[in-house]
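In: Okay, structure incoming, though there's no sequence with it:
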């Protein structure tokens, strides 16, 4: 039935975890635990598994020791086992499928693939839930465990932003294979500079941004969520006091309307923190919002004042040998 | 294929508008415009159409003159035209269908029905979008119009809460006909006292709560959303200064984790204001959270201190002649 | 010159520290360190000295082991050595002077006295400043040390509130001997129920409230300050999650306009937390604001909704054997 | 008695009003009323008198039509009539006294003078209090009138910042004649670039900053106070939406720790808004905090990220013909 094929795809539900690479894994993990209040779930060889206190599953972040900072992989969960079958079929047909992974920590079988730009991803259905010890259980039943007493604790993984040599191609790939919808985009005339894409009511679980030198496969940032705007100032206050580099102080994004800030963790990867949800998209017939790049500074980047520094548009990981954060943190 | 039938239904996307009845429509409209910064879109006979500044469609609230306060109807939008057909079929089969409505203001054909308890509802696909005058257009492209300069302006319609003589029956009806998922519920032993249900990542677009005397079809409240916790204090400050009744001051709900407050508009209907999104449900395999009523006070109602007053559990509209707000506002 | 004698007295500058008694000093200290992020400066016999991270002096709180909870003493600093001499003379003339104290930890000579109700106090000039270790030093030069990474850390001591068998007598005593000004008061017809008094631009460094049974010398609460309203919700969130009793959730006081909350520490003493400064009094010719008790509930206690529970008006320390917090925390 | 002369002076209590000049008074007044919710008290010839809703006196701002933007004058209130006499004597001796003013609107006799740099000031005791109409009276007794329903209303005048060809000279003049204390200062090696000075517990009622070209008598900004950090984002949101120039988005100052933002009103004068009190100085023996200019960017200007733009250090009113705000607002 032709009409059925025109209906939206509801097969992918969410981002479940992100693996980041770090040349200084101990310091990177300490950043997430001491500053952002995350907890170490387990450590297996060169991988440390971490979670935020309202993450539902066993972990949402893997910090893996590596020579260079950057993205390990991103994992997506489908809305059902059947949806997983359908998405694997679409990925196989795309030519970017890599096959089913061997057994991975805390989850069932995952089908691996890359974006056209080479970012590693996987899609899965089965995932292990976090089991809370009795003494850490909160009376707040939707909270996976008591709020930690360390740092300014983040609540859950929010989204990923990847740099790409061709954001349009990567975006279309996810639209076609996984059913993502393009919520907002930035164009320079006709050239797509960035896209914000979601399978949920969020404006994005994944964004792609133009890598200015055409380098492939870079990570722009991982984002964790607070839900409370003021918490960004509390987080920024301790990041500043303990010598971490804040690239962009708390402000309201034009794109997505989220209340955001950006810092670099010691391994060199950029981290975003979200102070609120921005706006949510309930409209099932959403028309992609298109910004022209010339209108972005002072409107689309930060809605309220102070345009983004150049580093926001150019820095990703892995980064060239001389990273700006060393200079900037001084 | 049996497995297909087990997959979740994604046919309903969102709440699009609510009609409330008011014996004092002028004062009710003034409450929404002067205090909550909403704008009058149109007035047609005894109906005033209003919208919040980030609502996408032409209106989200209808205030209709009537002898008593209460619910007019609630409208739901499907995710596609085909989804509408499927839901209408299910509603027809349920025995609660009323048939297609005659032409309504600002929307296409709507199929009308009631809950088992008698609350009027409709489901539709076509809806008229808000067209912003050039001089009211914001540079923030996801904002439907410039932020109003009156009161403490709400951003969009969030959800509805209905009192029911049988919350379990009403909930199951929506689960079966429209594909709602039960996100949280309160039980008194086995008896269902309240349910919070959604078709989106929100914890609820609709809740049902036990009407203590078995009266049918009552409205508990309509909720508008700010997204910024502090805004509730600003709103409460003006509501207080201008003599409106605040039933429950800003606090974090246990159920839903939303930052909320409750007031009564001059017509007698309860209004909730949301200061943040609470938590969002991304997990596609969500298990309904069940509170026992004995654990609710001081945990499930307000997470942080001060249990809800009795009026929260007993007052709905239409209300008996002697409404508590007269006393309480003094 | 007679006119000179009519000029205001500017001899007392501030509250410098408070000593509280606790039957469970270890748990009381843990409350202040783990929940409120205070640091232990020293422990000398049965006294633990603590400070908040923006306190200027060596300590602002002494927790002293004792059979019952309650007030140890309150210390005031004068605006100059000469001012100290003048105040000691006035105290000696009042008949409530006790004489100069022997050497005390972290301060110079202090003249001790009691209020008519028997609360112990002292007034002093010399006080030891906090010396920050190099690695704990903040680049924010007005911050005494880096912001701690534990709990939701309070910034500085704000004020004390004492229950009195005769608030009017205690207030007049401080007005006459130390130059306090009465900023706001609550009266039941002509009877003074409570007073809020300051020597600075704050509405109060000390309040007196009627003890309902005429018991003398009780402590109502000690208050620490955040300056950021949202921080009260963060603090309340962890107090709740870790089983502490929140008597009154975050709300705006009518009296003082401060954004406040109340909890009990494990020793039984009430603790207030301040989320903002309320209003400041710059007017040198301030006329005391007088509330009638009948207007207080819902206006003077919490400005926005929810009147104070009875415990606020009746519970102080030392408390009768059966304290309400045991029941209430359940 | 020599010791007496060493005691601090407590003769000046507060800033009572500021007069600003505007070439576009209508637009300037509209900025203050429509955006910042201030109310017009009166209009007398080319002067419009305005007040914020928690200002105690009849007005706190005078907008005066003039050819160029800039400062009209600043008025200070003493702590007593006797204090006024003493300060007038000191001003007369300084050589900067101008004599007693003729009758002014809403106040008693004022002694006029200039700073060495030529900024006009006056000092007075008698001032007319705001009389609130019955229907505008708030039940919150320390609030001068109900909170306005327009814009994001500021609460009270906070401070003034003046550019000076010689900040050190201007500062010393106020220290010696009026008893101001230097709370913080910025030096470039030994040269004083800026000072923050107060007579109260605030870090400043007046700051002086180096005018880079040695021009005399300029205004840097006037500051109004909210007391609630989030309100700055609400204010910034409407300023942005209605086309006003935001020079510096909300951030925490290093100097003073205040949560601040800067915008330009249509007449060209810079306006600061304060979201909290920063820290308060209770210590009677305060040692001036000294920043070296090289440490200021990223620490002393905004504590959390993003250094101040050049315009902050160079732009004051009157400004050269080509003001940056025209360009920047685009």
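Out: Cool, got the structure. For clarity, every value in this text was computed on a predicted model and none was experimentally measured.

In: Near chain C, which residues of chain A are found?
Out: Chain A comes close to chain C at residues A:34-35, A:138-140, A:143, A:146-147, A:149-151, A:228-231, A:233-234, A:237-238, A:240-242, as judged by CB under 8 Å from any CB of the partner chain. Yep, even glycine has a C-beta here, placed from its N, CA and C like the rest.

In: any idea of the pLDDT on residue A:2?
Out: Residue A:2 carries a pLDDT value of 33.

In: which residues of the stretch 201-330 of chain A fall in strands?
Out: Shown for the stretch 201-330 of chain A, the strands assigned by DSSP state E, counting those that start in this stretch span residues A:206-210, A:219-225, A:245-252, A:259-264, A:270-274, A:289-292.

In: Compare the ones you listed and give me the one nearest chain B.
Out: Ranking the strands of the stretch 201-330 of chain A by proximity to chain B (CB to the nearest CB) places strand A:289-292 first, at 4.8 Å.

In: which of the residues of chain A next to chain C are buried?
Out: Neighbour-count burial (16 or more other CB atoms under 10 Å in any protein chain shown) applied to the residues of chain A next to chain C gives A:35, A:138-140, A:143, A:146-147, A:149, A:151, A:228-231, A:233-234, A:237-238, A:240-241.

In: For chain D, tell me which of these show up nearby.
Out: Answer for those near chain D (CB under 8 Å from any CB): A:229-230, A:233, A:237, A:240.

In: Same list (those residues) but as JSON lines, adding distance to chain B.
Out: JSON lines is the format used below for these (distance: CB to the nearest CB, whole Å):
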{"residue": "A:229", "distance to chain B": "6"}
{"residue": "A:230", "distance to chain B": "8"}
{"residue": "A:233", "distance to chain B": "12"}
{"residue": "A:237", "distance to chain B": "18"}
{"residue": "A:240", "distance to chain B": "22"}
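
In: Return the closest of those residues with respect to residue D:179.
Out: For these, the minimum distance to residue D:179 (CB to CB) is 33.7 Å, reached by residue A:237.

In: That closest one reaches residue C:146, doesn't it?
Out: No. Contact between residue A:237 and residue C:146 fails when scored by CB atoms under 8 Å: they sit 9.6 Å apart.

In: Do a quick rundown of the helices in the stretch 51-200 of chain A.
Out: Using DSSP state H, counting those that start in this stretch, the helices assigned to the stretch 51-200 of chain A run over residues A:81-94, A:167-178.

In: Distance from the first one to the middle of the chain?
Out: Computed by CA atoms, centre = their mean, to the nearest Å, the chain-centroid distance of helix A:81-94 equals 22 Å.

In: what mean pLDDT does it have?
Out: Helix A:81-94 comes out at a mean pLDDT of 98.

In: Stretch A:228-248 too?
Out: 97.

In: try stretch A:147-155
Out: Computed over stretch A:147-155, the average pLDDT equals 98.

In: Distance from that stretch to the middle of the chain?
Out: For stretch A:147-155, the distance to the chain centre is 19 Å (CA atoms, centre = their mean).

In: Out of the helices and strands in chain A, which is least certain?
Out: Here the helix or strand of chain A ranked lowest by mean pLDDT, DSSP states H and E is helix A:324-329, holding a mean of 40.

In: Is stretch A:263-279 in proximity to chain B?
Out: Yes. Contact of stretch A:263-279 with chain B (CB under 8 Å from any CB) involves A:276-279.

In: Could you save the ones next to chain D among the buried ones among the residues of chain A next to chain C as a markdown table and add columns showing distance to residue D:196?
Out: Output for those, formatted as a markdown table (distance: CB to CB, whole Å):
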| residue | distance to residue D:196 |
| --- | --- |
| A:229 | 28 |
| A:230 | 25 |
| A:233 | 22 |
| A:237 | 21 |
| A:240 | 21 |
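
In: Narrow those to those in helices?
Out: Within these, residues falling in helices by DSSP state H are A:229-230, A:233, A:237, A:240.

In: re earlier: please identify the most buried of the helices of the stretch 51-200 of chain A.
Out: Of those, the one with the most neighbours on average (mean count of other CB atoms under 10 Å in any protein chain shown) is helix A:167-178, at a mean of 20.

In: Helix A:81-94 and that helix, what's the angle between them?
Out: On the basis of axes from the mean of the first three to the mean of the last three CA atoms, to 10 degrees, helix A:167-178 is oriented at 130 degrees to helix A:81-94.

In: Which strands and helices lie in contact with helix A:167-178?
Out: Counting contacts by 3 or more CB pairs under 8 Å, 6 or more residues apart in numbering or on different chains; DSSP states H and E, helix A:167-178 is packed against helix A:81-94, strand A:181-188, strand A:191-198, strand A:206-210.

In: ok, residue A:146 - contacts?
Out: A:53, A:136-138, C:241-242 (CB atoms under 8 Å, 6 or more residues apart in numbering or on different chains).

In: measure it to residue A:54 for me?
Out: 11 Å (CB to CB, to the nearest Å).

In: Equivalent analysis for residue A:263, please.
Out: 21 Å.

In: And the helices and strands packed on helix A:167-178: which comes nearest chain D?
Out: Distance to chain D, taken as CB to the nearest CB, is lowest for strand A:181-188 among the helices and strands packed on helix A:167-178, at 18.1 Å.

In: contact partners of the closest one?
Out: Contacts of strand A:181-188 (CB under 8 Å, 6+ apart): A:8, A:171, A:175, A:192-199, A:203-204, A:255-256, A:281, A:286, A:288-294, A:296, A:300, B:141-142.

In: partners of that strand in the sheet?
Out: Take DSSP bridges as the rule and strand A:181-188 pairs in its sheet with strand A:191-198 (antiparallel), strand A:289-292 (parallel).

In: pLDDT averaged over the first one, what's the number?
Out: To tie it back to what came earlier, the one meant is strand A:191-198. On average, strand A:191-198 scores 98.

In: Same question for that strand: list its buried residues.
Out: Quick answer for strand A:191-198 (16+ other CB under 10 Å): A:192-198.

In: What is the most widely separated pair among those?
Out: Most distant of the buried residues of strand A:191-198, by CB to CB, are A:193 and A:198, 18.4 Å apart.

In: Let me know the closest of the residues of stretch A:263-279 next to chain B to residue D:208.
Out: Using CB to CB, residue A:276 is the member of those that sits closest to residue D:208, with 38.5 Å.

In: Was I right to think that closest one contacts residue B:276?
Out: Yes. With contact defined as CB under 8 Å, residue A:276 reaches residue B:276; the gap is 6.4 Å.

In: list the residues that contact both of these two?
Out: A:227-228, B:227-228.

In: Take the residues you listed and write them to a markdown table, including distance to residue D:86.
Out: Formatted as a markdown table, these follow (distance: CB to CB, whole Å):
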| residue | distance to residue D:86 |
| --- | --- |
| A:227 | 55 |
| A:228 | 50 |
| B:227 | 54 |
| B:228 | 48 |
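
In: which one of those is nearest residue D:304?
Out: residue A:228 (16.3 Å).

In: How much space separates the closest one from residue A:257?
Out: Counting by CB to CB, the gap from residue A:228 to residue A:257 is 16 Å.

In: what do you get for residue A:162?
Out: With CB to CB as the criterion, residue A:162 and residue A:257 are 21 Å apart.

In: Equivalent analysis for residue A:310, please.
Out: 24 Å.

In: Please apply the same query to residue A:18.
Out: 23 Å.

In: Repeat that for residue A:46.
Out: 38 Å.
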